[in-house]
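Undergrad: Quick one: sequence and predicted model below, then my questions.
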Amino acid sequence: MSPVELAAKVVARMYDNDPFSQWLGIERVLVMPGLCQLRMTVREEMLNGFAIAHGGITYSLADSCLAFASNGHGIQCVSVETSISHTRAVKAGDVLTATSEEKSLSRSIGIYYITINDAHGKQVALFKGTVYRTGKPWFPEASPTP
């Protein structure tokens, strides 16, 4: 199995067992080892009392992007530290795209930056995530190198 096929298989398993990402309406646009792009549309029930998207919505989209990108190498990863900066208000109907960038990858730690843009390409949030790579393969028969 190629690295890209492995990444797709891992992310498909993760997504199929992730009711929250499904509830968000996340669409997988691009999945590769260490790289992920996700898209979703903000719905009315995702708004806060200011009629803008609750900060947890963009955070959750970025967190899913982090999970899919980091696990796409075929090794099970869990987040150990994350942070987000909200740079622009998001409204109902906005289509958001989260794109990961793998900044550092070692045997045990991965660091990723996730940028979230609206449909006009305007940045709405910046997210940084650090993951711990457990060394446990998602599919032992594919035997990726940790």
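TA: Arrived safely. Keep in mind it's a predicted model, so treat the numbers as computed, not measured.
Undergrad: Please make it C-alpha for all contacts and neighbour counts, starting now.
TA: Fine.
Undergrad: List the buried residues for the lengthiest helix in the chain?
TA: With residue count as the measure and DSSP state H as the assignment, the chain has helix 55-71 as its longest helix. Residues of helix 55-71 classed as buried under the neighbour-count rule (16 or more other CA atoms under 10 Å) are 55, 58-59, 61-71.
Undergrad: So what are the sheet partners of the helix or strand following it and their directions?
TA: If you walk from helix 55-71 toward the C-terminus, the next helix or strand you reach (DSSP states H and E) is strand 75-86. In the sheet containing strand 75-86, its partner strands are strand 123-137 (antiparallel), by DSSP bridges.
Undergrad: angle of the partner strand against helix 55-71?
TA: Going by axes from the mean of the first three to the mean of the last three CA atoms, to 10 degrees, strand 123-137 is angled at 40 degrees with respect to helix 55-71.
Undergrad: Could you pull out the buried residues of strand 123-137?
TA: Along strand 123-137, these residues count as buried under the neighbour rule (16+ other CA under 10 Å): 123, 124, 125, 126, 127, 128, 129, 130, 131, 132, 133, 137.
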